[in-house]
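Novice: below are the sequence and a predicted model; questions follow.
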Amino acid sequence: MEAVILILALLFVAFVALGVYVSVKAIGAAKRGVDRTITQARRTVEDTTLRAKSFGQVGVAGELAQLRLHLRTSMRATQDALHAGVAEDASLRESIGLFERLSAHGRELDEELRRLEREPDRGRITERLPQLRERVERITHSAESLRWAARDRARTFAEDDLESLTTQIDVEAGALRDWSRSEPVWPDPAAEPSEPPSGPGPQTSSAPASQQPAAAAAEQAPGEPEPGAGDKEPRAIPPRDPRLTMRYSWDKSARPETTN
């Protein structure tokens, strides 16, 4: 009885622990989803604000907004391209590592530009604008190089696969055309049996009666007893070759002889 109670207690504890683990995982996934949604919403609001500032303001404020918008747009496009391509091409993992290092510099520059937007000394900002613009161009150029290299690689793979598929389809189509145009194999005329004579029955020899026994003796195989020497029974007439009477569907029918 005590063993049964102990087993039930262990099962209860295991179920409770499993429920707590599943709940923690679910809460963590929900929290990550909420954080991701909040981050995307904040990013959308910031991009919209920067776009409005770049078009609606002039001078230093408008210049800073344009630099931030250009930097953020380029980095986000590169990130999306690399993460979308790594699912099909594992060699892009190294490119993603390089992009993460580049992203650290991009985030640092974006934070610096954000702080300068609230800087009241516009003269100092104007002096630093060429340097800031150069840094933005260097980072965005590197990001664009990675992005276009990944896209070119994916396009090359797609073109190679399409070319291989087209070649296979052409070969299959040619094989289908050859099969559909094949002609039926007719029998060799040389192997066809000769047409039997159209006359009635076997024709008798026109040789004189005196020469017929000699011809029969010549056709007789050596060592074979002559007819009438041992036994007096007549020799059986060999059966007619059935191939001589066989006709095919393409043979012309013999004309019936006219009886006059």
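Specialist: The structure has been received and is ready for your questions.
Novice: tell me the SS of Ala77?
Specialist: Using DSSP: H, G, I helix; E, B strand; the rest coil, the secondary structure recorded for Ala77 is helix.
Novice: check contacts around the nearest residue to it once chain neighbours are set aside.
Specialist: The shortest distance from Ala77 to any non-neighbouring residue, by C-beta to C-beta, 6 or more residues apart in numbering, is to Arg147 (6.1 Å). C-beta here means a position set from N, CA and C on the backbone, and glycine is covered the same way. Residues counted as contacts of Arg147 (C-beta atoms under 8 Å, 6 or more residues apart in numbering) are Ala77, Thr78, Ala81, Leu82.
Novice: among those residues, the buried ones, what's the ChimeraX command?
Specialist: Of those, the buried ones go into a single ChimeraX selection, burial set by 16 or more other C-beta atoms under 10 Å:
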select :78,81,82
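Novice: now, among the contacts of Arg147, which is nearest to Arg68?
Specialist: Nearest to Arg68 among those: Ala77, at 15.0 Å, using C-beta to C-beta.
Novice: okay, the closest one: pLDDT?
Specialist: What the model reports for Ala77 is a pLDDT of 91.
Novice: again with Arg153
Specialist: Arg153 is assigned a predicted lDDT (pLDDT) of 86.
Novice: my guess is it meets Asp89, correct?
Specialist: Yes - look at Arg153 against Asp89 with C-beta atoms under 8 Å: they come within range, at 6.6 Å.
Novice: looking at the contacts of Arg147, which two lie furthest apart in space?
Specialist: Put simply, by C-beta to C-beta the two of these set farthest apart are Ala77 and Leu82, 9.8 Å from each other.
Novice: got the domain boundaries for this protein?
Specialist: Per automatic domain parsing, the domain ranges recorded for the chain read 1-52, 57-173.
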